[in-house]
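Chemist: I need the structure of the sequence given here:
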Amino acid sequence: IYVSHKLDEVFRVASHATILRDGKMVANVDLATTNEDAVVSMMVGRALEIPPHQSHVQNDAILVVDGLSRGSHVRDVSFTLRKGEVLGIAGLVGSGRTELVKLLAGVDRPTAGKIRLKGQLRSFANPRAAIAAGIALLPEDRKKEGIIPLRSVAVNAAIPSYHRLTRGGVIKNGQLKREVDEIAKSVNLRPHDIERAIRLFSGGNQQKAILCRWLMAGSDILVFDEPTRG
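Modeler: From the prediction side, this is the model:
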């Protein structure tokens, strides 16, 4: 029995496949007479259409990193991120990817180098300072570093926004729930139940809930460390 989401491997190894969706068996297929697109459609319940790529990159440099260093893991790293751009950083385990993004998010402090945000030289003493500046981190291990497992999606999403969702020390729950509900719809949270404990969601939907957190906080730069993990 071979269990996988890597369909090319499934087609190489197996002769038949059982396809599950939302905890139910939806099909049992002969792989010699079907293809990956058909299997994917059965997995997600609809035909997948990939729209043509549309670039949103602008010329404005929103983040410029120059010679950033810390210890032996991060040495003399420089790059420029433009507004609307998705910038990828790749490397093997131990190459310093996570250590680099923690420097950008204020989790650790660099020993050398400069960070310019929207043209201004910045230094972040802690994550709160980076968040206030508009930089948000979706961490590598969301279960240990990203979520409060026993609390609801609404609570998890609102964490950095409580300062504007309270009055006289009392949380404005109505406004909180309305905002989280609207953002959860925009990311297609499934199931759409913001009162449900976040630990009861799949890994992908936990990631959506963390994304809701930073969209709700109005972050300008989203740093995804291992975005598809789990």
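
Chemist: for stretch 207-218, which positions count as buried?
Modeler: Applying a neighbour-count criterion of 16 or more other C-beta atoms under 10 Å, one finds 207-217 buried in stretch 207-218. The way it works is simple: take the backbone N, C-alpha and C, and place the C-beta from them, glycine included.

Chemist: That should have said stretch 78-96, apologies.
Modeler: Neighbour count says stretch 78-96 has 81, 96 buried, by 16+ other C-beta under 10 Å.

Chemist: same check, this time on stretch 132-145
Modeler: Residues of stretch 132-145 classed as buried: 133-140, 142 (neighbour count, 16+ other C-beta under 10 Å).

Chemist: Now do stretch 102-118: distance from first to last residue.
Modeler: With C-alpha to C-alpha, to the nearest Å as the measure, stretch 102-118 spans 19 Å from end to end.

Chemist: can you give me the offset of it from its chain's centre?
Modeler: On the basis of C-alpha atoms, centre = their mean, to the nearest Å, stretch 102-118 is displaced by 20 Å from the centre of the chain it belongs to.

Chemist: what ranges do the helices span in this structure?
Modeler: 7-13, 36-44, 97-104, 127-133, 153-158, 173-186, 203-216 (DSSP state H).

Chemist: Of all those, which one is nearest L68?
Modeler: helix 97-104 (6.0 Å; C-beta to C-beta).

Chemist: any idea of the mean pLDDT in that closest one?
Modeler: Across helix 97-104, pLDDT averages out at 96.

Chemist: and it, what does it pack onto?
Modeler: Using 3 or more C-beta pairs under 8 Å, 6 or more residues apart in numbering; DSSP states H and E as the contact definition, the elements that helix 97-104 packs against are strand 61-70, strand 74-82, strand 135-138.

Chemist: picking that back up, tell me the one of the buried residues of stretch 132-145 nearest G106?
Modeler: Nearest to G106 among these, with distances taken as C-beta to C-beta, is I135, at 7.4 Å.

Chemist: Who is that closest one paired with across the strands?
Modeler: According to DSSP bridges, the residues that bridge with I135 are I221.

Chemist: Let me know the pLDDT of it.
Modeler: 97.

Chemist: right, and it touches V223 too?
Modeler: Yes - counting by C-beta atoms under 8 Å, I135 does reach V223; the two are 6.6 Å apart.

Chemist: Among the helices of the chain, which comes closest to I1?
Modeler: I1 sits nearest to helix 7-13 of all those, at 10.4 Å, using C-beta to C-beta.

Chemist: average model confidence for the closest one?
Modeler: For helix 7-13, mean pLDDT rounds to 95.

Chemist: Now do the buried residues in it.
Modeler: 7, 10-11.

Chemist: count of neighbours near the closest residue to L48 other than its chain neighbours?
Modeler: Distances taken as C-beta to C-beta, 6 or more residues apart in numbering put V40 closest to L48, at 5.8 Å, once the chain neighbours are dropped. Look at V40: counted by other C-beta atoms under 10 Å, it has 14 neighbours.

Chemist: Let the chain start at 44 from now.
Modeler: Done: numbering now begins at 44, and the last item shifts to V83.

Chemist: Does V83 touch L50 like I think?
Modeler: Yes - between V83 and L50 there is a contact under C-beta under 8 Å: 7.1 Å.
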